[in-house]
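Asks: what follows is a predicted structure for the sequence shown.
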Amino acid sequence: MELLRRLSEASGVPGREEEIRKLIREALVDHVDEIQVDRLGNLIAHKKGPGPKVAVAAHMDEIGFLVSHVDEKTGYLRIEPLGGFDPRTLIAKRVTVHTRSGPLVGLIGTKPIHILTEEEKKKKVEMKDLFIDLGLPGEKVKELVRVGDPVTLRQGFSEVGELVSGKALDDRVGVYVGVEAMRRLSQHQADVYFVGTVQEEVGLRGARTSAFALAPEIAVALDVTLACDMPGVQEHEYITRLGQGVAIKLKDSASISHPGLVQFLIDLAEEEKIPYQLEILPRGGTDAGAMQLAREGAAAVTLSVPTRYVHSVVEAAHKRDIQAAIELLVAFLARCHQADLKL
């Protein structure tokens, strides 16, 4: 899991995915026929085949921030979110501010409980209340930091029992699954494109442009999904469970999966004895939503890695589920030319 560790610990907010592009290129350069980067920043790796044309997408970007204001007197920074945050998860976290002259470590601070009023204790935390402390005088901060500098959360990648945990598993674990599948795929008829997409967290933007350019017949998104198998959640709200296998998505807010692809994946998983579960996500979407609508449309589906604590720095996925996702994707790409796409 060394590659997954490196992907998780790397930084790449929407629009600034260059570190992730470099890692993917290094991992795939000896395993694909060609690699290119389009104008938006999507990395497209191609394994040639007679057809059908298949695009497999996993987004490279992570939720993060841009510096929106630098206080010249105090040195404190204000931030603009890129992607969806629960502000409660951000209190007392370390961040990296990526400046022109190099990275700076910062702290998201808050007033200590000792001086909070009763009214302040009851107040809901909001993004506008958060600030970053770089531990430097205001004039030095003004010299080093400018509005628009990216900010990412800091967190090491760890193995926790049977799980792996870290920041940005959404969607570096999807990138990892896609890269590993491309490296293992040998016998295939499909014309396969793996796309590391950009700006998914702010509107599926990279998937939209890359799918328009590639015009795939089949589109597969790789992403995390919610695993809410935890205290305080009723069983019917779990969505998925850790350790029960890769999730084959039926529906989310952005797409309805092609029924022929869903059944083909189910049949493959059962034939190959790959653990799987079916998923309906009531809120949220993946790159499949954009790829499905490209040009005249594509038959689309999402393979998901169940993940706890999504959009936090302790996102957690089960090693068996990650392995199941890789195995099912490899099996699918090797045999997807046999799938019945007629409706």
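Replies: Nice, I can see it.

Asks: any idea which helix or strand comes after the least confident helix or strand in the chain by mean pLDDT?
Replies: Across the helices and strands of the chain, the lowest-confidence element by mean pLDDT, DSSP states H and E is helix 118-122, at a mean of 87. Downstream of helix 118-122, the first helix or strand assigned by DSSP states H and E is strand 131-133.

Asks: list the buried residues in that next one.
Replies: Within strand 131-133, the residues that count as buried by 16 or more other Cβ atoms under 10 Å are 131-132. C-beta: built from backbone N, CA, C; applies to glycine.

Asks: what lies in contact with it?
Replies: With contacts defined as Cβ atoms under 8 Å, 6 or more residues apart in numbering, strand 131-133 is touched by 67, 75-79, 95, 97, 106-109, 151.

Asks: burial measure for the closest residue to residue 64 other than its chain neighbours, as a count.
Replies: Spatial nearest neighbour of residue 64, chain neighbours left out: residue 13 (3.5 Å); criterion: Cβ to Cβ, 6 or more residues apart in numbering. Residues near residue 13, counting by other Cβ atoms under 10 Å, number 23.

Asks: related to what we said a few turns ago, export the contacts of strand 131-133 to CSV and tack on pLDDT, secondary structure and neighbour count?
Replies: Listed next are these as CSV, based on pLDDT from 0 to 100; DSSP: H, G, I helix; E, B strand; the rest coil; neighbours: other Cβ atoms under 10 Å:
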residue, pLDDT, secondary structure, neighbour count
67, 97, strand, 22
75, 95, coil, 20
76, 96, coil, 16
77, 97, strand, 26
78, 96, strand, 17
79, 96, strand, 23
95, 97, strand, 23
97, 98, strand, 22
106, 97, strand, 25
107, 97, strand, 15
108, 95, strand, 20
109, 85, strand, 14
151, 98, strand, 25
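
Asks: just the residues you listed now: which is nearest residue 253?
Replies: residue 79 (26.2 Å; Cβ to Cβ).

Asks: quick one: the helices in the stretch 1-150 of the chain, in order.
Replies: Listed in chain order, the helices of the stretch 1-150 of the chain (DSSP state H, counting those that start in this stretch) span 2-9, 18-28, 118-122, 138-144.

Asks: so which elements touch the longest one?
Replies: Packing partners of helix 18-28 (3 or more Cβ pairs under 8 Å, 6 or more residues apart in numbering; DSSP states H and E): helix 2-9, strand 34-37, strand 43-47, helix 169-184, strand 191-197.

Asks: out of those, which is closest to residue 289?
Replies: Closest among these, using Cβ to Cβ: strand 191-197, at 11.9 Å.

Asks: and that closest one, which strands flank it?
Replies: strand 43-47 (antiparallel), strand 53-59 (parallel) (DSSP bridges).

Asks: picking that back up, I figured the residue nearest to residue 64 was touching residue 61, is that so?
Replies: Yes: counting by Cβ atoms under 8 Å, residue 61 is a contact partner of residue 13 at 6.3 Å.

Asks: returning to what we had before: now do the contacts for the residue nearest to residue 64.
Replies: 61-66, 82, 150-152.

Asks: give me the common contacts of residue 13 and residue 61.
Replies: By Cβ under 8 Å, 6+ apart, the residues touching both residue 13 and residue 61 are residue 82.

Asks: using a markdown table, lay out the strands paired with strand 191-197 together with mean neighbour count.
Replies: Below are the strands paired with strand 191-197 laid out as a markdown table (neighbours: other Cβ atoms under 10 Å):
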| stretch | mean neighbour count |
| --- | --- |
| strand 43-47 | 21 |
| strand 53-59 | 27 |
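
Asks: export those to JSON lines and tack on mean pLDDT?
Replies: As requested, the strands paired with strand 191-197 are exported to JSON lines (pLDDT from 0 to 100):
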{"stretch": "strand 43-47", "mean pLDDT": "98"}
{"stretch": "strand 53-59", "mean pLDDT": "98"}
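
Asks: for residue 4, find the nearest of the ones you listed.
Replies: Of all the strands paired with strand 191-197, strand 53-59 comes closest under Cβ to Cβ, at 12.1 Å.

Asks: contacts for the closest one next, please.
Replies: Under Cβ under 8 Å, 6+ apart, the answer for strand 53-59 is 171, 174-175, 177-178, 181-182, 190-201, 206-207, 210-211, 214-223, 287-288, 291, 298, 329, 333, 336.

Asks: in PyMOL, select just the buried ones from the residues you listed.
Replies: Burial among these is assessed by 16+ other Cβ under 10 Å; the matching PyMOL selection reads:
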select buried, resi 171+174+175+177+178+181+182+190+191+192+193+194+195+196+197+198+199+200+201+206+207+210+211+214+216+217+218+219+220+221+222+223+287+288+291+298+329+333+336
